Each structure stands twice: as C-alpha cells, then as structure tokens.
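Q: Please find the sequence and the predicted model below.
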Amino acid sequence: MTNQSTIRAPTKANCLFDKELSAILRLILIKPDGQFGAGKNGYCTVIGDARLQAMIVDYRLERIRTILRCVLALAFAIAGYAHLHSPAGFLAITPDWVPYPKQVIAATGVCEVAGAIALMTKRLRYLAGVMLALYAVCVFPANIKHAIDGVVIGHTKLGWAYHGPRLLFQPVIIWWALFAGGITDWPFRKREVLDK
C-alpha cells in the first residue's frame, strides 16, 4: 500500500503523476524527513514512495532513450549522406543478386536520411524506429559480403578485427532503432510499479 498525504501546492487541483516528471517535480519537494511537500496556496494529493520511484525510473529511461535517439539519428544521417555522396564503396559491397545496385544505394541513402529526420519527430518516431530496424536487417547481407569477400574500399582492406565486431554489432543497431523509436524498453524496467 502506498503512502499518501494531502499537501499544499500552487494550484487547487488534485495532481496525479504522468509522463512529464519534470513538470511534476516543479510542484513537489521531497523533504529531508522523507515526507512530500509543496507550495502554500492550494491542495494537491501526492502519491507515495513506490510510485515516485517508478516515475524517476521512467524519466531516466526517457533521458537515455533521447540521447541514444539523437546519436542514432546522427549516425543514420551521416551514413545516408555517404550513400548519396560517395556510393562507390557501397556498390562494392552490394551482393550480386541485388537488382539495380546504383538505384538501390541511392534509395538506401534517402531512406537513411529520411529515417534520421523521422526519428527526431514525435509523430513519426515509432514508424521510423520500425523501418530503420528493418533497414538494418536488409543491409546485413552487404556487411556479410564485405567481411567474407574482403572487399577493398578506398585502397583499404579491413580484416576480421573490424569485420567480426561489426557483424556482431548489427543486432545492436536493430535493437537501438527499436529502442530509440519507443517500440521496446528492453532490457530496462519501465512503469512496472505504475501499471499495478
């Protein structure tokens, strides 16, 4: 059973925690004795320790998600630009069974840039996460060809010290897109207490 207490707050509304923890924390103060407190002019019902802790976990998770989303969007934008500006290296690792390789490389560049932009927009974020994860699955054969055939790009032949970790990292990129898009919270805990 959670501890509840009625306290003063700047508004006379009955307050409940929601996703916007930062706004809530402007109203709520955690006193040194562990009790909850707020302003002087109105009443506000504040929920107990377990729910507050769950909100803090949720807030921290969203901060992590935001940082990873920004990094991933930047990485896809740079990769997309590279596909459009310097396609030769990507053509070299494209499997032979891919039809119209030049057009496919150009399309993948456009998809990466569009996905990066969509990932940063709230309305398209979920779809962008799904599509970028599927994209990472679809380009995996090119990574395999690059590794197995030892394709030389820009006079550089990369060995297994690069290819091994790179191939192992592809599932992480898939997860990363799903996490950044809000499709999954795994392996983090989120809203377990709030949903009870």
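A: It's in.
Q: Identify the residue spatially nearest to residue 112, adjacent ones excluded.
A: Leaving aside its sequence neighbours, residue 112 sits nearest to residue 80 (Cβ to Cβ, 6 or more residues apart in numbering; 3.1 Å). Glycine gets a C-beta too; all of them are placed from N, C-alpha and C.
Q: in this structure, which spans are strands?
A: Using DSSP state E, the strands of the chain run over 5-9, 29-30, 36-37, 42-46.
Q: can you give me the helices in this protein?
A: Listed in chain order, the helices of the chain (DSSP state H) span residues 21-27, 49-85, 88-93, 101-119, 125-138, 140-149, 160-180.
Q: Lowest mean pLDDT across these, which one is that?
A: The minimum mean pLDDT among the helices of the chain belongs to helix 21-27 (a mean of 49).
Q: ok, and the closest non-adjacent residue to residue 124?
A: residue 118 (3.9 Å).
Q: for residue 183, that is, sorry about that
A: residue 129 (5.1 Å).
Q: which ones are touching that neighbour?
A: Contacts of residue 129 were listed using Cβ atoms under 8 Å, 6 or more residues apart in numbering, and they are 119, 177, 178, 179, 180, 181, 182, 183.
Q: Now the last one: phi and psi?
A: Think residue 183. Phi and psi for residue 183, reported as degrees, to the nearest 10, are phi -80, psi -40.
Q: Surely it and residue 132 touch.
A: No. Judged on Cβ atoms under 8 Å, residue 183 makes no contact with residue 132 at a distance of 10.4 Å.
Q: Neighbour count: the two, which is higher?
A: More neighbours surround residue 132 than the other of residue 183 and residue 132, with 27 against 16 (other Cβ atoms under 10 Å).
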